[in-house]
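K.L.:
give me the fold of what follows.
(one chain, ligands or ions: 1)
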Amino acid sequence: MSRLTIYQETGEIEAEFQDYENIRQRLLEAGIVLERWSTEKALAENASPDEVLAAYDSFIQRVKKERGYVTVDVVSLNPQSPNIPELRAKFLDEHTHSEDEVRFFVDGTGMFYIHKNSRVYMILCEKGDFINLPAGTKHWFDMGPRPFFKAIRLFNNPEGWVAHYTGDKIADRFPKYEN
Ligand SMILES: [Fe+2]
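P.N.:
From the prediction side, this is the model:
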């Protein structure tokens, strides 16, 4: 079940939503597109990135064509994956990208935090969620201490993932994802 909590910058909760339509609407106010996509392909719990790419190949080709993405990769993590603390830390500080951040969760969950309109939108993404954070959106991401997710990352720029850290420690004032 996707879940959205909207905080004031001070950390005070302003609103919480669990129904998909309200979540979608409130995220749109922050410029974030959330869509629910089909995840009918069977995948092993520990499926590798290549296995995920192979399972979703025809779908990926279609989306690339329709939406102009040029490169695609997959992050597939489970609690037994190596270097979890380092990987988790890499995404935990507020940053921006010079291109859209686009993720399609084909399995598991992860928490995005979007800093916009003097608020923080904490959105728990789950299997089936497609999310698009426009270029320049201040955000961070928490996979939690025992991560379990498979996310297809779609890029409209061949350089792929580059984070520009804002240096703002705002993430420290908000709850971590303790999955
Ligand atoms: Fe990011």
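K.L.:
may I have the beta-bridge partners of A15?
P.N.:
For A15, the beta-bridge partners are I6 (DSSP bridges).
K.L.:
and whichever strand in the chain runs longest, what does it pack onto?
P.N.:
Criterion DSSP state E: the longest strand present in the chain is strand 101-116. Applying 3 or more C-beta pairs under 8 Å, 6 or more residues apart in numbering; DSSP states H and E, one finds that strand 101-116 contacts strand 119-126, strand 129-133, strand 138-142, strand 149-155. C-betas here are computed from N, CA, C, even on glycine.
K.L.:
how about TSV for these, with mean pLDDT added?
P.N.:
Shown next, in TSV, are the helices and strands packed on strand 101-116 (pLDDT from 0 to 100):
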stretch	mean pLDDT
strand 119-126	97
strand 129-133	96
strand 138-142	98
strand 149-155	95
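K.L.:
pLDDT weak spots in this protein?
P.N.:
Under the criterion pLDDT under 70, the flagged ranges of the chain are 1, 160.
K.L.:
circling back to that earlier point, which of the helices and strands packed on strand 101-116 sits closest to S58?
P.N.:
Of all these, it is strand 149-155 that lies closest to S58, at 13.0 Å by C-beta to C-beta.
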